[in-house]
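Undergrad: coords please:
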Amino acid sequence: VQLVESGGGSVQAGGSLRLACTISKSLDSSDCLGWFRQAPGKKREGVAGIDNHGKTSYSKSVNGRFIISKDDAKNTLYLQMNSLKPEDTAMYFCAARNGPCLWSALRYNFWGRGTQVTVS
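TA: So this is what the prediction gives:
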């Protein structure tokens, strides 16, 4: 397994969680690392991405509340989620691709199995 998420859980609205994604050495030079989420009955959507220059991008729904970062020494990608809302409830996935960060999940080659976030 090359991408492994952790840190999900249940939290009340307004609370915070930090997700982590450990990345295997074979993927740590990927051009783009991203976080996606998928709620039941909905398609997978991009949440945030970070390229290998450290440039970050966020979806409108999380901009100002979530922060994506990575620790190259630990081969770990993070997603700090603040001011959580019930609509943030979903399975969260990290993903990697070679090439610029894109919002389409179809353009990502490598995926973790996900971690569940539930906001009530």
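Undergrad: For the rest of this, base every contact and every neighbour count on C-alpha atoms.
TA: OK.
Undergrad: Next, the residue most central in space within the chain: phi, psi?
TA: Geometric centre of the chain, nearest residue: residue 35, 2.1 Å, by CA atoms, centre = their mean. Main-chain dihedrals, residue 35, degrees, to the nearest 10: phi -110, psi 130.
Undergrad: give me the number of residues near the closest residue to it other than its chain neighbours?
TA: Distances taken as CA to CA, 6 or more residues apart in numbering place residue 94 nearest to residue 35, at 4.5 Å, with adjacent residues excluded. Residues within reach of residue 94, counting by other CA atoms under 10 Å, total 31.
Undergrad: Is residue 94 located within a strand, as I assumed?
TA: Yes: assessed with DSSP: H, G, I helix; E, B strand; the rest coil, residue 94 lies in a strand.
Undergrad: List the contacts of the residue nearest to the centre of the chain.
TA: Listed by CA atoms under 8 Å, 6 or more residues apart in numbering, the contact set of residue 35 reads 46, 47, 48, 49, 79, 92, 93, 94, 95.
Undergrad: before we move on, what about residue 112?
TA: Counting by CA under 8 Å, 6+ apart, residue 112 makes contact with 1, 2, 3, 4, 5, 93, 94, 95.
Undergrad: let's go with 6 Å and repeat that
TA: Listed by CA atoms under 6 Å, 6 or more residues apart in numbering, the contact set of residue 112 reads 3, 4, 93, 94.
Undergrad: How much space separates it from residue 5?
TA: 6 Å (CA to CA, to the nearest Å).
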